[in-house]
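> the sequence and its predicted three-dimensional model are supplied below.
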2 protein chains.
Amino acid sequence: MKLELHIKMNEALFLRNPESSELGKNILKHAIQLIFRNGFEAFTFKKLAEDIGTTEAGIYRYFENKHKLLVYLTAWYWGWLEFQISFHTNNIKAPVVKLKRVIELLAKAVEDDEQTSYVNESLLHQIIIAEGSKAYLTKQVSEDNKQHFFKPYKDLCAVVGNIISACSPKYKYPKSLASTIIEIAHFQNFFMNHLPSLTDFGKTRQESEIISFLNDLVFSSLKKG
Amino acid sequence: MKLELHIKMNEALFLRNPESSELGKNILKHAIQLIFRNGFEAFTFKKLAEDIGTTEAGIYRYFENKHKLLVYLTAWYWGWLEFQISFHTNNIKAPVVKLKRVIELLAKAVEDDEQTSYVNESLLHQIIIAEGSKAYLTKQVSEDNKQHFFKPYKDLCAVVGNIISACSPKYKYPKSLASTIIEIAHFQNFFMNHLPSLTDFGKTRQESEIISFLNDLVFSSLKKG
DNA sequence: CCTAAAAGATAGTAATACTATCATATTTAA
DNA sequence: TTAAATATGATAGTATTACTATCTTTTAGG
């Protein structure tokens, strides 16, 4: 049995659904490769079109501009990650064990899970680390938010926040702690690899160390409260 | 007595020292205003030139491109903040008191301190919150780092890391905790104002709550170790 | 097999991100 | 004080980016 995992996307993010055609799937696939390779600033629809073997106009039929495409990719990632978390923490009763598993999933490198043919989750994870915050660090963040572009991210934070509250009902900052560990899992990874003196993991560069740091951070906060 | 605070900048960040002339100072002053008002993506040297009443070519004589200008501004900010911290924690002996003061300085809105005529620190603080991470979230981060563009940021993290270690010599992650609180002070501020459901401060929108959160986070980590 | 929709091909525009050149104004150092 | 050096202003030009428009050819579904 081969089943494709499908994440339902906000329709306002695209002009034509990229999952509905070969060209659309190619746009996603090659966009991930190109952004991964050259970074979001150097990424253009022209280069993407050349890479795919189509024309610029062809890309514009799917996405209004590259910002929307980035937001699409981040939304897809957060949706996918929420599913991963729900899948891998399913049947875990103890909230503390559950939260530990969540931290692991947030901080660990992702393997391309082959459940989705046109999205390389491993590359996408790297893109989210390096480019993800650019999706909301813009002047249009409030309009984008009004159109629910960040819903998958907010949903994921809510899920993590609820697990935190389950661990420690009296803890005062479950939502902030949730968004903190999600951001920090990525930032410490980026720093470890590019600005290692900002971390304590420069020598080994193991993400297991980030996991230990996050566990220490989270569980000392929760034990206290 | 009126004394101007002067921060020594890395010379590789500019082509001509903006602090050495009226035009240069105007570039800094108006760049801060424009980036604050329209965001870094919409900011161009052409608009900046028009705003100042000079020509595009005039700006290019000072800065190679807008990325360098952003890195300049962030470097200036981190240098300034390190000075603020050293100034305001001077004579505080107890490391715990010192660290509390540091967290306050990191998370609190900045008042324009009038010590520098051409830099509005309050606007610059807002720019760092919304645009600061774009200075290093690029493909050129390693080359930029080799040229020591991020030294002021790394120095500040080191200072904070040392205070953390003074509070709790056995704590295993002083550098990561330092970079974490610096980033989180800004991200929680951004979230509180633009994506409030990612925080627990949406109702009041007080930065004092961010300070409480950070204090709780940091000192429960340190007490444990 | 026919038709509607998608994709391809081509063209064009305004803005961005620069570089180059020459004239003029201003500093500064001999 | 004056000549030389340097900074600024004015103008022009190029390649690339970020689109929009139009027309033709494929392709897929009923």
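Structure's in. What do you need? Residues are numbered from 1 along each chain as shown, chains lettered A, B, ... in the order given.

> now do the same contact list for A:Phe36.
By C-beta atoms under 8 Å, 6 or more residues apart in numbering or on different chains, the contact set of A:Phe36 is A:123, A:126-127. Just so you know, the C-beta spots here come from the backbone N, C-alpha and C atoms, and that holds for glycine as well.

> from these, pick the one nearest DNA strand C.
The closest of the contacts of A:Phe36 to DNA strand C turns out to be A:Ile127 (C-beta to the nearest atom of the strand; 21.0 Å).

> what's the neighbour count on the closest one?
Neighbours of A:Ile127 under the rule other C-beta atoms under 10 Å in any protein chain shown: 21.

> quick one, what contacts it?
Contact analysis of A:Ile127 by C-beta under 8 Å, 6+ apart lists A:32, A:35-36, A:40, A:73, A:77.

> what helix or strand is it located in?
helix A:121-131 (DSSP states H and E).

> show me which residues of that helix are buried.
A:121, A:123-131 (16 or more other C-beta atoms under 10 Å in any protein chain shown).

> can you check stretch A:156-170 too?
So for stretch A:156-170, counting by 16+ other C-beta under 10 Å, buried means A:156-161, A:163-165, A:167-168.

> again with stretch A:202-219
Applying 16+ other C-beta under 10 Å to stretch A:202-219 flags A:207, A:209-219 as buried.

> which residues does that stretch contact?
A:96, A:99-100, A:103-104, A:106-109, A:164, A:177, A:181, A:184-185, A:188-189, A:192-193, A:196, A:200-201, B:172-173, B:176-177, B:180, B:217, B:221, B:224-225.

> tell me how far the residue in chain A positioned nearest to DNA strand D lies from B:Ser133.
Of all residues in chain A, the one sitting closest to DNA strand D is A:Asn65 (3.0 Å; C-beta to the nearest atom of the strand). Distance of A:Asn65 to B:Ser133, computed by C-beta to C-beta, to the nearest Å: 21 Å.

> who has more neighbours, the two?
Neighbour totals were compared for A:Asn65 and B:Ser133, and B:Ser133 leads with 21 against 10 (other C-beta under 10 Å).

> so what pLDDT did that one get?
pLDDT for B:Ser133: 98.

> could I get the phi/psi values of it?
phi -70, psi -20 (degrees, to the nearest 10).

> that one against A:Glu131, yeah?
No: look at B:Ser133 against A:Glu131 with C-beta atoms under 8 Å: they stay out of range, at 10.6 Å.

> can you pull out the helices in chain A?
A:22-38, A:45-52, A:56-60, A:66-88, A:95-107, A:121-131, A:141-146, A:151-167, A:174-194, A:207-224 (DSSP state H).

> neighbours around A:Glu11, how many?
When neighbours are defined as other C-beta under 10 Å, A:Glu11 has 8 of them.

> now do the one 10 residues further on
Close neighbours of A:Ser21, defined as other C-beta under 10 Å, add up to 12.

> next: A:Glu111.
Counted by other C-beta under 10 Å, the residues lying close to A:Glu111 total 9.

> identify the residues contacting the residue of chain A closest to DNA strand D.
Under the criterion of C-beta under 8 Å, 6+ apart, A:Asn65 has no neighbours.

> circling back to that earlier point, of the contacts of A:Ile127, closest to chain B?
A:Phe40 (8.7 Å; C-beta to the nearest C-beta).

> thought the closest one was touching A:Val71?
No: the criterion here is C-beta under 8 Å, and A:Phe40 misses it with A:Val71 at 11.4 Å.

> for DNA strand D, tell me which of the buried residues of helix A:121-131 show up nearby.
The subset of the buried residues of helix A:121-131 within reach of DNA strand D, counting by C-beta under 7 Å from any atom of the strand, is empty.

> so which bits of chain A are right by DNA strand D?
Proximity of chain A to DNA strand D (C-beta under 7 Å from any atom of the strand) is limited to residues A:42, A:44-47, A:56-57, A:60, A:64-67.

> of all pairs in those, which one is the farthest apart?
A:Ala42 and A:Ala57 (21.0 Å; C-beta to C-beta).

> of those two, who's got more company?
A:Ala42 (13 against 9).

> not counting sequence-adjacent ones, nearest residue to the more buried one?
In this structure, A:Ala42 finds its nearest non-sequential neighbour in B:Lys139, 6.8 Å apart by C-beta to C-beta, 6 or more residues apart in numbering or on different chains.

> ok, now A:Gln33?
Of all residues beyond its chain neighbours, the one nearest A:Gln33 is A:Leu123 (6.7 Å), with distances taken as C-beta to C-beta, 6+ apart.

> distance check, that neighbour against chain B.
Look at A:Leu123 and chain B: by C-beta to the nearest C-beta, to the nearest Å, they are 14 Å apart.

> I'm done for today, thanks for sticking with me.
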